[in-house]
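*Asks:* Next input, structure requested:
(one chain, ligands or ions: 3)
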Amino acid sequence: MAKNSKFGHLPLSTSGPQDCALTGSSLLQTPYLNKGSAFPQEEREEFGLTGLLPSRVNTIEEQVKRAYVQYNARRTPLGKNIFMTSMKEQNETLYYRLIQDHLKEMFPIIYTPTEGEAIQDYSRSFRKPEGCFLTISDPDGIEPALDKWGPSDDIDIIVCSDGEQILGIGDQGVGGILISIAKLVIYTLCAGIHPSRTLPVVLDVGTDNPDLLNDDLYLGLQRPRIRGEEYDAFIDRFVRACRKRYPKAYIHFEDFGLPNARRILDKYTPEMACFNDDVQGTGCVTLAAIYAALNITKLNIKDLRVVIFGAGTAGTGIADQVRDAIAVESGKSKEEATKQICCVDKPGVLLESMKDDLTPAQHPYAKPDKEWEGINHKSLLDVVKQVKPHVLIGTSTKPKTFTKEVVQEMAKHVPRPLIFPLSNPTKLHEADPKDLFDWTDGKVLTATGSPFPPIETKEGKKREIAECNNSTIFPGIGLGAVLSKAKLLTPEMLVTATKALAAQAPALKDPDAGLLPDVQDVREISVNIAKAVIKQAVKEGLNQEKEIPSEDGELEEWIREQMWDPVYRPLTKVSREEASRVAKGEAGSKGSAKS
Ligand SMILES: NC(=O)c1ccc[n+]([C@@H]2O[C@H](COP(=O)([O-])OP(=O)(O)OC[C@H]3O[C@@H](n4cnc5c(N)ncnc54)[C@H](O)[C@@H]3O)[C@@H](O)[C@H]2O)c1
Ligand SMILES: O=C(O)C[C@H](O)C(=O)O
Ligand SMILES: [Mg+2]
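*Replies:* Ligands and ions are numbered 1, 2, ... in the order given. Below is the predicted model:
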């Protein structure tokens with residue numbers, strides 16, 4: 001429990017002394033409690049560390065300085081990523097503090113795009129497991145595996161992936177554990193979710209990736225993916241087991257394949273607080289970036305024409321958010337609003353005659369065939385000529401498909417084209433922002449799925465390229481859901497989160513600034529997003545937490561107080577029996593003590 005809080009009992013432990021039942025080398029090997037060379041003299045004596053550490057006692061700032069030198073000695077992004085993973089296994093507080101002090105530089109190393117390389121390399125560079133591995137060949141193993149992560153109040157957020165559509169790099173099987181871990185690191189960094197209260201899971205159901213099927217070092221279930229009833233039953237058993245073991249935990253689904261992502265989300269949304277990041281996170285962050293751009297172009301969302309290239313999980317998630325926003329602003333029905341959105345996939349514009357081959361999420365966007373008669377709807381250039389979109393979004397995983405011709409065609413019809421190449425990792429982006437800028441004489445308003453450096457304008461000014469990645473919004477939404485203990489995550493909560501993000505766009509004040517806040521500021525942004533979500537949860541009567549302050553200032557303070565910071569906290573020696581009440585169990589990978 002947080003100490004000295006004017007709010008009394010708070011669910012997250014973020015400050016004050018913490019109980020520790022470990023001593024000696026087991027303490028040094030417990031990443032959540034280890035302070036390494038920063039253990040003060042008294043704790044070295046009390047916890048049996050004498051002789052196990054060099055004599056000099058460092059501050060965390062000194063440790064960060066040393067770790068940063070070591071980090072910089074690694075030459076490649078993947079080498080740096082591997083270094084960071086090993087730092088996390090040794091000293092979690094230092095790991096988070098190091099990133100926090102170099103956030104902008106390290107974000108692309110621990111997250112998109114470098115995490116993609118690490119995932120592809122998972123079985124080959126594997127050294128130490130982290131996370132929870134559940135396998136379809138052993139469904140009875142689900143409950144005992146979850147039991148290892150502590151008592152029912154211990155877990156706030158579960159991120160799970162079945163590894164089928166990791167970023168844009170496709171099926172990575174059991175390596176998908178690393179995307180669950182990376183998303184949870186972002187929750188901690190960007191929204192202060194307590195790192196010991198999170199659970200990363202991979203649901204190993206096999207793989208259809210031939211490279212992995214033929215690799216004798218592959219660590220997952222080496223057989224084709226199991227689909228259909230057996231898959232559904234496995235997912236259901238997992239979700240039910242999570243609900244039973246951690247009834248208040250929020251479930252975040254990540255990088256499931258197209259046939260499953262939306263289906264699973266729709267199944268569980270009416271029953272529990274759950275979230276699909278690729279569908280909802282991407283939809284919300286993209287809509288927020290559109291809102292910010294509209295402020296510059298002075299257009300209203302109700303008038304927009306939008307082309308979405310790549311109508312998969314993310315593409316249809318974005319389409320739905322934009323459609324709903326158009327409907328609300330214009331008073332039109334959803335069906336009417338849908339007409340302003342044109343979804344293009346491999347076979348071209350989605351048409352009614354293709355209905356048998358479309359997913360349920362794509363169905364509403366299928367256009368009457370006669371509207372496209374005589375037009376080459378498979379050519380993006382022809383689609384752009386026909387639709388004259390204000391907004392072009394790429395979620396296709398097909399690099400360089402927003403060609404000079406396509407972009408210049410778009411720029412003929414609208415004064416400020418909004419073009420968002422969102423396919424990750426960077427090498428899959430549909431266009432490079434510098435090209436978009438050059439091809440449109442700087443008129444483009446852009447945001448990208450992975451980070452890019454600013455562009456220099458002819459006048460020597462810098463134009464920031466916002467990162468339109470769901471990482472800007474999912475941490476705040478999760479924080480809001482966790483602190484309010486929301487029973488459900490509703491569309492209204494997502495709308496209010498999107499508006500809270502859009503209201504903080506730097507471009508509202510300076511048109512050369514980014515369309516979305518910089519990662520550097522995301523912690524503060526998360527507070528505002530969480531506040532919006534919590535207020536909406538209360539409004540809808542879905543908050544299981546009853547002690548939520550109603551006044552805005554107090555609410556913000558209440559949120560901030562529950563956000564975890566990477567600082568060393570004094571340790572209080574307790575017996576194993578005392579600690580076990582709150583412990584995660586020494587067998588758990590995160591160490592045993594929490595207070
Ligand atoms: N920036 C973000 O926050 C964010 C969030 C989620 C996904 N993404 C990225 O979006 C991409 C798609 O992810 P997803 O989860 O939606 O995958 P998905 O497989 O569900 O969707 C991809 C879609 O693109 C279509 N496609 C493939 N080739 C095409 C082509 N030549 N022309 C038109 N369409 C084509 C596929 O048929 C599919 O429907 C990935 O690269 C992912 O990293 C980015
Ligand atoms: O993980 C990311 O970088 C964003 C997104 O969830 C994706 O799948 O690309
Ligand atoms: Mg994703």
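*Asks:* where's T426 relative to E143, distance?
*Replies:* Going from T426 to E143 by Cβ to Cβ, to the nearest Å gives 40 Å. Glycine gets a C-beta too; all of them are placed from N, C-alpha and C.
*Asks:* Same drill for the two, tell me which one is more crowded.
*Replies:* Taking neighbours as other Cβ atoms under 10 Å, T426 and E143 compare with T426 leading, 19 against 14.
*Asks:* Would you mark the buried spots in stretch 396-414?
*Replies:* For stretch 396-414, a neighbour-count test (16 or more other Cβ atoms under 10 Å) marks S396, T397, K398, P399, T401, F402, V406, V407, E409, M410, A411, V414 as buried.
*Asks:* Per-residue pLDDT of the residue in the stretch 351-500 of the chain positioned nearest to ligand 2, please?
*Replies:* At 3.7 Å from ligand 2, N424 is the closest residue in the stretch 351-500 of the chain, using Cβ to the nearest ligand atom. Per-residue pLDDT puts N424 at 95.
*Asks:* Let me see the contact set for it.
*Replies:* Counting by Cβ atoms under 8 Å, 6 or more residues apart in numbering, N424 touches T112, P113, G116, L167, G168, G449, S450, N469.
*Asks:* Figure out the helix or strand that it lives in.
*Replies:* If you go by DSSP states H and E, N424 is not part of any helix or strand.
*Asks:* Distance of it relative to I529?
*Replies:* Distance, N424 to I529, by Cβ to Cβ: 21 Å.
*Asks:* is the helix or strand harbouring D266 anywhere near ligand 1?
*Replies:* Using DSSP H and E, D266 sits within helix 258-268. Yes - using Cβ under 6 Å from any ligand atom, helix 258-268 reaches ligand 1 at L258.
*Asks:* tell me what that helix is packed against?
*Replies:* Applying 3 or more Cβ pairs under 8 Å, 6 or more residues apart in numbering; DSSP states H and E, one finds that helix 258-268 contacts helix 229-245, strand 250-253, strand 274-276, helix 313-330.
*Asks:* Hmm, V383 is touching C343, no?
*Replies:* No - at 10.1 Å, V383 does not count as touching C343 under the criterion of Cβ atoms under 8 Å.
*Asks:* Looking at those two, which is more packed in?
*Replies:* Shown here are V383 and C343; by other Cβ under 10 Å, C343 has more neighbours (26 against 23).
*Asks:* Dihedrals phi and psi, that one?
*Replies:* phi -100, psi 130 (degrees, to the nearest 10).
*Asks:* May I have the residues that are in contact with it?
*Replies:* Neighbouring residues of C343 by Cβ under 8 Å, 6+ apart: I308, A311, G315, T316, A319, V349, L350, Q362, Y365.
*Asks:* now, the most widely separated pair of those?
*Replies:* T316 and V349 (14.1 Å; Cβ to Cβ).
*Asks:* So those two - more neighbours on which side?
*Replies:* Ranked by neighbour count (other Cβ under 10 Å), T316 and V349 place T316 first, with 32 against 26.
*Asks:* before we move on, back to that, determine which two of the buried residues of stretch 396-414 are furthest apart.
*Replies:* T397 and V414 (25.7 Å).
*Asks:* Pull the contacting residues for the residue of the chain found nearest ligand 1.
*Replies:* Nearest residue of the chain to ligand 1: G312, at 1.8 Å (Cβ to the nearest ligand atom). Going by Cβ under 8 Å, 6+ apart, G312 touches Q165, L258, D345, T395, S396.
*Asks:* Looking at neighbours, which among those residues is most surrounded?
*Replies:* Neighbour-wise, those (other Cβ under 10 Å) top out at T395, 28 neighbours.
*Asks:* Am I right that N376 is in contact with D382?
*Replies:* Yes - with contacts counted by Cβ under 8 Å, N376 reaches D382, the gap being 4.4 Å.
*Asks:* okay, these two: which has more neighbours?
*Replies:* Taking neighbours as other Cβ under 10 Å, N376 and D382 compare with D382 leading, 17 against 14.
*Asks:* Pull the residues that contact the host helix or strand of the more buried one.
*Replies:* Taking DSSP H and E as the criterion, D382 maps to helix 380-387. With Cβ under 8 Å, 6+ apart as the test, helix 380-387 has contacts from 305, 307, 309, 342, 344, 348-349, 372, 375-377, 392, 401-403, 405-406, 409-410.
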